[in-house]
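Asker: Need the 3D shape of this:
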Amino acid sequence: MDLVYSGQHKAFRQEIRDFIAASLPDDLRQRLRAGGFASKADTELWQRRLNARGWGAPAWPKAFGGTGWDAAEQQIFADECACAPAPPPHIFNITMLGPVLIHFGSDAQRETFLPKLLNADIQVCQGFSEPNAGSDLASLKTRAERTADGYLVNGQKLWTSQAHYSDWIFCLVRTDPDAPKPQAGISLLIDLKSPGITVRPIVSIDGRHSLNEVFFDNVLVPDKVSRASPAPRIPDPQCPVPPEAAALPGARWRRNCAWWHSPFPAASPARSPDSAWPASPSAESA
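Answerer: Take a look at the predicted model:
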């Protein structure tokens, strides 16, 4: 196996390096280098600059606005962002929610959300953990009852990063609280401006506010936007949810970067990690 980068890949690395040098604000670079964090405004600015260059989603297919890069190109991009340092593409928008919508979402959901996720016109957060369900997602208690208009959600999420300034939250919920664990559930995409949602800050020991509690009190999620993905089991082994540490900001740049070039969905004996993503109606028509 030849692990030496080709001349084309070396030229690509220089292109990435030159772009970051010219486009990354120096104050942001210095803050990150000193161990600080990107703000909401920083994230929006950098995601939009990446998107304008066509690099907003390194691992998405071109048909959906991604780069179409191969694994080596994705790794080079990740390495250069880590070395700069520069923020990665938005973890929740690009790494987590986008691939789920591409693979499981409806055409209407993809058309509505993917361009906004790419350009950080909306920012989303992840609603997985609960007071008694951290890594053990089979213990989730937040429930969604089917109604004539959609789903009625009640429950609580905990340690929710960026919920205080995000626009939407994607939640794992339980559709049958009496079913055996793990049970058939779903993932809902919920507008955080919906009536019945309360976001309560969790301030860490250093005084920083990045985590939150999120409460749902009879929150109606309309059918037209609600069901982001099926979850036959919780967690679904085919659903691209990275390790929890990969979503943490700050010093763990390489943990973050390493996730970007992971194949989607999970590799199986019938599929090479470097093969194309499964075809979807939108991809075929693009």
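
Asker: Just to check, Leu117 is in contact with Gly98?
Answerer: Yes - with contact defined as C-beta atoms under 8 Å, Leu117 counts as touching Gly98 (5.3 Å). Where you see a C-beta, it was placed from the backbone N, CA and C, and this is true even at glycine.

Asker: Quick one: neighbours of Leu158, just the number.
Answerer: For Leu158, the neighbour count with other C-beta atoms under 10 Å is 18.

Asker: same question, Arg17
Answerer: Per other C-beta under 10 Å, the neighbour tally for Arg17 reads 15.

Asker: is it true that it lies in a strand?
Answerer: No - counting by DSSP: H, G, I helix; E, B strand; the rest coil, Arg17 is not part of a strand but helix.

Asker: Which residue ranges of the stretch 51-200 of the chain form helices?
Answerer: For the stretch 51-200 of the chain, the helices defined by DSSP state H, counting those that start in this stretch cover 71-83, 98-104, 107-118.

Asker: Turn the ones you listed into a markdown table, columns for mean pLDDT.
Answerer: A markdown table is the format used below for the helices of the stretch 51-200 of the chain (pLDDT from 0 to 100):
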| stretch | mean pLDDT |
| --- | --- |
| helix 71-83 | 95 |
| helix 98-104 | 91 |
| helix 107-118 | 94 |
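
Asker: now the residue nearest to Asp223 when sequence neighbours are not counted: how far from Leu189?
Answerer: Excluding the flanking residues, the one nearest Asp223 by C-beta to C-beta, 6 or more residues apart in numbering is Gly150, at 4.5 Å. For Gly150, the distance to Leu189 equals 11 Å [C-beta to C-beta, to the nearest Å].

Asker: could you list every residue that touches the nearest residue to Ala84 once chain neighbours are set aside?
Answerer: Distances taken as C-beta to C-beta, 6+ apart put Ile20 closest to Ala84, at 4.9 Å, once the chain neighbours are dropped. The neighbourhood of Ile20, defined by C-beta atoms under 8 Å, 6 or more residues apart in numbering, consists of Glu80, Cys81, Ala84, Ala86.

Asker: One more: Leu117?
Answerer: Per C-beta under 8 Å, 6+ apart, neighbours of Leu117: His90, Asn93, Ile94, Leu97, Gly98, Leu101, Val124.

Asker: what's the most distant pair in these?
Answerer: The most widely separated members of the contacts of Leu117, counting by C-beta to C-beta, are His90 and Leu101 (13.8 Å).

Asker: low pLDDT regions in the stretch 1-150 of the chain?
Answerer: For the stretch 1-150 of the chain, the stretches with pLDDT under 70 are 1-3.

Asker: at 90 instead, please
Answerer: For the stretch 1-150 of the chain, applying pLDDT under 90 flags the ranges 1-6, 37, 103-106, 108-109, 132-140, 149.

Asker: hang on, the earlier thing: of Gly150 and Leu189, who's got more company?
Answerer: Neighbours per residue (other C-beta under 10 Å) separate Gly150 from Leu189, with Leu189 holding more: 22 against 19.

Asker: Leu117 versus that one, what's the distance?
Answerer: From Leu189 across to Leu117, the span is 11 Å (C-beta to C-beta).

Asker: which neighbours do those two share?
Answerer: Leu97, Val124.
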